[in-house]
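> prediction below, plus the sequence it came from.
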Amino acid sequence: MGFMDLSGSLGRHFGSIGVALNEINTHLTLTAAKHLTLSGCAPKRSEKTLKHFCKRLNLSDKLHLHFNSSIPEHVGLGSGTQLALAIGAALNGFYQLGLSVRDIAILSDRGARSGIGIGVFEHGGLVVDGGRGKNTQTPPVISQLSIPDAWRFLLVFDKRGQGLHGEQEIQAFKELPPFPEQEAAHLCYLLLMQGLPAIAENNLELFGHVITQLQQSVGQHFASVQGGVFTSPEVSETMLWLQQQGAVAIGQTSWGPTGFCAVKDETTAQALILDMKKRNTKTNLYFQITRAKNSAAKIQLY
């Protein structure tokens, strides 16, 4: 859902906020095999990620990795971090290594900027990480709250494109201008004194107002490298329409192109989805309703 300080003007770089989603997930099973094999909807990076862990930990890769589901890649939903942590956690359980989630994240070089992917794997719900200080290995979770059960998040996908990632993302951060210290302080204040209390008090309107402000601020900062506050013009248009219909917490997740917003309940979400489908019959957009997942990643040993 966004960063608080992109320049480290207050002493720590980044610092971010995000939510674990229930309906979009990575679900895999690891078993012994005669040689390394993959099946199901395995993402392209699966074999490389598995071999990376096995090499770093000196483990046999005579394994079978089956994917029942996987998060779409490079659309702003943290697919790379969840894939790495899921495979690392599976290996940890299979070989009884005794590693923590943080150990696995460090081994896979995750958390270079945002710590949300690690935090939601550990805890679920809404997570705020404290960014990176001088000696930070992975950004620490400084707040974790459960999202009210009734709230729903609408995702607006553009199937034509992907957000910046890899070397493009690294270069984009290098090209960004300094983030104003005063704006970073303002966003931190809004989150601490309005956004987080709003969740604790089940106040969707106030929470949504804070997230929309944060998204506008960060989106305008990123506009020079992603083509606007939103990467996709069609997503941008749809998010404006959703805001006019009463949706809140309007934004783009990570580099996009996926847009998101929040509504008070399932009935409201279903009605908006129906209206959007009627309005977007000839576009490249598609939509999904999700709930927050207020618990950590599930790891089961057989």
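Nice, thanks for sending it over.
> could you use CA atoms for every contact and neighbour count after this?
Will do.
> which helix or which strand is home to the closest residue in space to Glu181 that isn't next to it in sequence?
Closest residue to Glu181 apart from its sequence neighbours, by CA to CA, 6 or more residues apart in numbering: Ser9 at 5.3 Å. Using DSSP states H and E, Ser9 sits within no helix or strand.
> how many other residues sit next to Ser9?
If you count neighbours by other CA atoms under 10 Å, Ser9 ends up with 17.
> so it versus Ser217, what's the distance?
15 Å (CA to CA, to the nearest Å).
> now the residue of the chain most remote from its centre: closest residue in space that isn't a chain neighbour?
The centre of the chain is farthest from one residue, Lys34, which by CA atoms, centre = their mean lies 35.2 Å away. Counting by CA to CA, 6+ apart, Lys62 is the residue found nearest to Lys34 once chain neighbours are left out, at 5.6 Å.
> can you check Phe53 too?
Residue nearest to Phe53 in three dimensions, not counting chain neighbours: Gly88, with 6.9 Å by CA to CA, 6+ apart.
> mind checking the SS state of the one you found?
helix (DSSP: H, G, I helix; E, B strand; the rest coil).
> ditto for the one 5 residues further on
Reducing the assignment to helix, strand or coil with three-state DSSP, the entry for Gly93 is helix.
> what number of residues lie near it?
Neighbours of Gly93 using other CA under 10 Å come to 17.
> quick one, what contacts it?
Gly93 makes contact with Leu301, according to CA atoms under 8 Å, 6 or more residues apart in numbering.
> can you do 10 Å?
30, 87, 99, 299-302 (CA atoms under 10 Å, 6 or more residues apart in numbering).
> give me phi/psi at the residue farthest from the centre of the chain?
Backbone torsions of Lys34, given as degrees, to the nearest 10, read phi -70, psi -30.
> so for it, what pLDDT did the model give?
With respect to pLDDT, Lys34 scores 97.
> where does the chain dip in pLDDT?
162-166, 168-170, 172-173 (pLDDT under 70).
> can you pull out the helices in it?
With DSSP state H applied, the chain shows helices at 46-57, 79-95, 101-107, 116-123, 167-175, 181-190, 196-200, 204-226, 233-244, 266-279, listed in chain order.
> winner for burial among the ones you listed?
helix 116-123 (a mean of 24; mean count of other CA atoms under 10 Å).
> ok now it, how far from the chain's centre?
9 Å (CA atoms, centre = their mean, to the nearest Å).
> also stretch 59-66?
Counting by CA atoms, centre = their mean, stretch 59-66 comes out at 27 Å from the chain centroid.
> contacts for it next, please.
27-42, 46-47, 50-55, 87, 90-91, 95.
> go again with 7 Å.
Under the contact criterion CA atoms under 7 Å, 6 or more residues apart in numbering, stretch 59-66 has outside partners 28-40, 51, 54.
> what sits closest to Val128 if chain neighbours are left out?
With CA to CA, 6+ apart, the residue lying closest to Val128 is Ile17, at 4.5 Å.
> quick one: contacts for that neighbour?
1-3, 116, 127-129.
> nearest to Glu237 among those?
Proximity of those to Glu237 (CA to CA) peaks at Met1, which lies at 18.7 Å.
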